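S.K.: Give the three-dimensional model of this entry:
(4 chains)
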Amino acid sequence: MAADPTRNAGSDYTQADLMVAAAAREIADGEVVFVGMRLPLLGFLVAKSLHAPEAVGVYELGIIRESLASEPILTMGDLPNLRRSHWLADTADMMAILGRGDVDVSFIGGAQVDRFGNLNTTIIGRPDRIETRLPGSGGACDLACLARRHIIIMAHRKHRFVDRVDYITSPGYGDGGDWRRRVGLARGGPSAVITTLGVLRFDPDTREMVLASVHPGATPETIQNNTGWPLRRASDLQTTPPPTAGELAMIRRFDPHRYWTR
Amino acid sequence: MAADPTRNAGSDYTQADLMVAAAAREIADGEVVFVGMRLPLLGFLVAKSLHAPEAVGVYELGIIRESLASEPILTMGDLPNLRRSHWLADTADMMAILGRGDVDVSFIGGAQVDRFGNLNTTIIGRPDRIETRLPGSGGACDLACLARRHIIIMAHRKHRFVDRVDYITSPGYGDGGDWRRRVGLARGGPSAVITTLGVLRFDPDTREMVLASVHPGATPETIQNNTGWPLRRASDLQTTPPPTAGELAMIRRFDPHRYWTR
Amino acid sequence: MPKEKRLSLPDAIERFIPDNSRIVMGASLESVIPFAAGHEIMRRGRRDLTLIGPISDILFDQIIGAGCVRKVQAAWVGNVITGSGYNFRRAVESGRLETEDHTNLTISLALRAAAMGVPYLPTRTALGSDLFKTNPGLKTTTCPFTGDRLTAAAAIQPDVAVLHVQRSDVYGHAHAWGNLGISREACLAAHNIILTAEEIVDPEVITSDPNRVVVPGFRVSAVVHTPWGAHPSPVPGHYNRDHQAFLDYREASKTPEDFAAWKAEWVDGIGSPADYAALLGRERMARLAIREHDHSEPVDYGC
Amino acid sequence: MPKEKRLSLPDAIERFIPDNSRIVMGASLESVIPFAAGHEIMRRGRRDLTLIGPISDILFDQIIGAGCVRKVQAAWVGNVITGSGYNFRRAVESGRLETEDHTNLTISLALRAAAMGVPYLPTRTALGSDLFKTNPGLKTTTCPFTGDRLTAAAAIQPDVAVLHVQRSDVYGHAHAWGNLGISREACLAAHNIILTAEEIVDPEVITSDPNRVVVPGFRVSAVVHTPWGAHPSPVPGHYNRDHQAFLDYREASKTPEDFAAWKAEWVDGIGSPADYAALLGRERMARLAIREHDHSEPVDYGC
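M.R.: The predicted model follows:
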């Protein structure tokens, strides 16, 4: 689903632009990034073209790129993303890189997230009484289980930010604390949630989501009103810096028809 | 180890020639053959060039050939065996074909074999008191476990044909009967043992080795004298037909310097 | 020489995909999806199929919409650039379609297990997830060495794999290039392999580069010459992704009536690759065609 | 751009193969064995190494003979066309060398398990064999779905994989062709990857054909230009197998004294690829070189 089409009043960028820029800033230079589709794909390209030129892109369909594609792409399988890449191979090879612990960061989206960062992209309702059937995991569960950290990107709406997701497609911190270790997950967990309204991170002990940064135009109150549980705020609550001119230029370069960032 | 250098008196073929011809005759047209090294490699080439033109060769190092190589080869990795082959891939791909049950027949050799067709290519002595260290399994154990049937080729000597092998590298029928099923092997087992003196097969119930055919120049008595247990004889004991002119011509073509068949 | 395996698309589907077949398709994820073969399955009105794959993009949604499918074993079913697959949603929400929820990794392991001839493979993915509740092919197990808790993915053995490739000879020796997804596992696991190919070439083209082959030719059951057979998905060396077709399909699948109209035009009305090309039109094909060629550096297999 | 990784052979071995290293080599079985790298390990007098591989042909026997090795985890150690590896035999029979007996399949699974990040993988091979008695990395286990009895092969995590390839750029992006053996598993499993390459080429040669790449370049630690670096094993595109060298080695390894003389000539006396070429001699190199070239049909990656 495309990002919220509402532009921030009085600015020359959209919510989607800001989310892409925020995603890009989560990538450090030299990191190995398991690149997802839509906004995360753009975020990776922006990071790679600006502050993280040596970031390596790993794509689940069997592609590794250390360089930017020659043309904009809409899906990972578009031919410019294959051409002049650094490895075309099997999904199993990419999953080995992920499973062994060589992926620093990945990005996933979802329909529902809860206070411990569990993500649902499978079923609204119950397995025996499905209200809405969503597409499913794809590689998202794999990334949430096996990457060193993952970042969630989604629209901030009350029915999406729920106290407990209906179905855990991609595990976050379960019911908090050392849950991941208890269920057998060797590493990882969400490090940030980038939404249409702000950026949230996780308490290092309880693993509960904490509001860390508010996007320009939003307030902590509007964010609480769009969150289905009492949301903790960081003591050093920030305002998300708007996209820089450089970031915006790259977003326009990689999404020239503004398919994802209108 | 090369075959016994002693030629059969008064013949124009060697024991090794006869063994290669006997091995070739075990391959039916259209069968998928997991090709081993040395005499079995020659046996496959002879079968493929004569009565089994549609036999498919699968090689553990990652090669599938449906055609003959353009030049004679000494090892499976020689470049003529790679050139113009039909698949160059991973050992895992070949092992998948084997594991799924798509290999009809394979050939292995050994230092010791016992009355139930168990084969030892690892240790003479005991693991805690090794007298002679042999090279090990290679792919032999895999073939003995996973092919639909396998054929053993080895020199017939009393110290090699023992009542019980010191170490089971490649399982035959264990201690007989339904042992393979009991230990978890889904299929397979040795169908023949081709030696320097004769051809032996296995009783369908007890799975004990039975002398089926005596090579020209050998007798049941010489074979018994070179076997470490009382050897059963088939009721319709045969004489192994000598290599035909066509078989010999192909053996000479594929082993022109008589490296394996001197 | 081995025997010729070239068949027409209707003959290949008729012979190797009866009702109740378990079919793996779309093994390369977003690329090289065998749409033409899927459409022939729809035209032939197959019933009670099981569709197996990682993400199918819109192909699974189409076959589901045509009423051919009883069960889906997949990681994701939808439209990659727009989201939901509406036929899939309708079928699941109305209880007509059984689903087993996989991840891209568990579906690849389930097929790899069948390829290897083992009943399961272990992995660390999916632990703590609810996929165990909606997929009886996932259980937890314990490592006999470390005691670690692991996910066990049960083997999935397809009856047939349908793979679209760039070029094949008439015996089933084929070259594929680009991202390969789970093509290797899918074909090694399946009882039968159907290849749809952009080009039928001389056997010498294939044997000039045995590393470019993706599946063991001796296990291929049918080879079908199917130019533009993966449209609207992309095929390296042949055509780019037709994004507009995916956008159009979103609108065309929102209601059963819209889907019926779409199917009448794009599936039922097509009898051959020539029909399909005529419907696409020359201009659109030219726009999707490779504009800037970029050839691989040769390698030497001589001796 | 990524950083340059080109090193001399001594520097690469010095930096990435300290004493006690666990090294996987000879992953392509009879082909493309990294003899030059193995000889540098011998020259540097490394100690207490663990050698990991399927069949090593004579390379493992040589490194064992030089006293560098404490343990071997392999399916087979010997001389493919003559049989026994005499240094290996002497070392095992005298109790100096520890062995863990694998099959080609179990060693590939042990490395694949480490590559995937799981502690073991199951298989139906080895059941009923005595390999369980001489390899603590093999146990039996039970399928959680079927109850079937299976072999579990424990993960083997090498410190370093040494792979010989036909061509690489200075960043570690490399093309390999021919049979690939367990190269994929070996490199994905290892912490460090050392590539020895017949040729160092422009990065554009490699990116012209990303399907020809065998390992993720970003995980390569060192690239070493090593022409004739796999002699006497064969390298597609470069040279044929030197059978005589394997026959000669049989004689040269029958006694420790003969082996010392062989090592003085073929290993200790070599300081560079040029020294090795001089020892081989032009005539022998010409005899082994590719006589009849046979190039792959190009493919198009354009868009």
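
S.K.: quick one, helices of the chain?
M.R.: Chain wasn't specified; assuming chain A. Ranges of helices within chain A are A:15-25, A:39-49, A:79-82, A:91-99, A:140-146, A:179-183, A:220-225, A:245-254, based on DSSP state H.

S.K.: Can you look at chain C instead?
M.R.: Counting by DSSP H, the helices of chain C are C:9-16, C:35-43, C:58-65, C:86-93, C:104-116, C:183-189, C:203-207, C:243-252, C:256-263, C:273-280, C:282-288.

S.K.: May I have the longest one exported as CSV, CA atoms only?
M.R.: Which is helix C:104-116. Written as CSV, here are the backbone C-alpha positions of helix C:104-116 (Å, rounded to 0.1, in the frame of the first residue of the first chain):
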residue,chain,number,x,y,z
ASN,C,104,10.3,-17.2,1.8
LEU,C,105,12.8,-19.2,3.8
THR,C,106,10.5,-22.0,5.0
ILE,C,107,9.0,-22.6,1.5
SER,C,108,12.5,-22.8,0.1
LEU,C,109,13.5,-25.3,2.8
ALA,C,110,10.3,-27.3,2.4
LEU,C,111,11.1,-27.8,-1.3
ARG,C,112,14.8,-28.4,-0.6
ALA,C,113,13.8,-31.1,1.8
ALA,C,114,11.7,-32.9,-0.8
ALA,C,115,14.6,-32.4,-3.3
MET,C,116,17.1,-34.0,-0.9
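
S.K.: That one and chain B in contact?
M.R.: Yes. Helix C:104-116 is in contact with chain B by CB under 8 Å from any CB of the partner chain, via C:112, C:114-116. For the C-beta atoms, the positions are set from N, CA and C on the backbone; glycine is no exception.

S.K.: Mean confidence (pLDDT) on that helix, please.
M.R.: The average pLDDT for helix C:104-116 rounds to 98.

S.K.: Any regions of the chain where pLDDT drops low?
M.R.: You didn't say which chain, so I picked chain A. Residue ranges of chain A with pLDDT under 70: A:1-11.

S.K.: let's do chain C instead
M.R.: C:1.

S.K.: List the contacts of C:D148.
M.R.: Going by CB atoms under 8 Å, 6 or more residues apart in numbering or on different chains, C:D148 touches A:184, C:142, D:119.

S.K.: Turn those residues into JSON lines, columns for neighbour count.
M.R.: Below are the contacts of C:D148 laid out as JSON lines (neighbours: other CB atoms under 10 Å in any protein chain shown):
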{"residue": "A:G184", "neighbour count": "18"}
{"residue": "C:T142", "neighbour count": "15"}
{"residue": "D:P119", "neighbour count": "19"}
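
S.K.: taking these one by one, which sit in strands?
M.R.: Applying DSSP state E to the contacts of C:D148, the entries found in strands are C:T142.

S.K.: Redo the contacts of C:D148 as TSV? Include distance to chain B.
M.R.: Shown next, in TSV, are the contacts of C:D148 (distance: CB to the nearest CB, whole Å):
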residue	distance to chain B
A:G184	26
C:T142	19
D:P119	19
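
S.K.: Which of the contacts of C:D148 lies at the shortest distance from B:H86?
M.R.: Closest approach between those and B:H86, by CB to CB: D:P119, at 36.1 Å.

S.K.: now the closest one: how far from A:T244?
M.R.: Distance, D:P119 to A:T244, by CB to CB, to the nearest Å: 46 Å.

S.K.: still on that earlier bit, mind putting the residues of helix C:104-116 next to chain B into CSV with distance to chain A and neighbour count?
M.R.: Below are the residues of helix C:104-116 next to chain B laid out as CSV (distance: CB to the nearest CB, whole Å; neighbours: other CB atoms under 10 Å in any protein chain shown):
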residue, distance to chain A, neighbour count
C:R112, 7, 26
C:A114, 14, 27
C:A115, 11, 24
C:M116, 12, 28
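
S.K.: Quickly name whichever of those is closest to chain D.
M.R.: C:M116 (7.0 Å; CB to the nearest CB).

S.K.: residue contacts, the closest residue to A:G176 other than its chain neighbours?
M.R.: Excluding its sequence neighbours, the residue lying closest to A:G176 (CB to CB, 6 or more residues apart in numbering or on different chains) is A:R207, at 4.6 Å. Contacts here follow CB under 8 Å, 6+ apart; on that basis A:R207 touches A:116-117, A:172-173, A:176-177, A:179, A:189.
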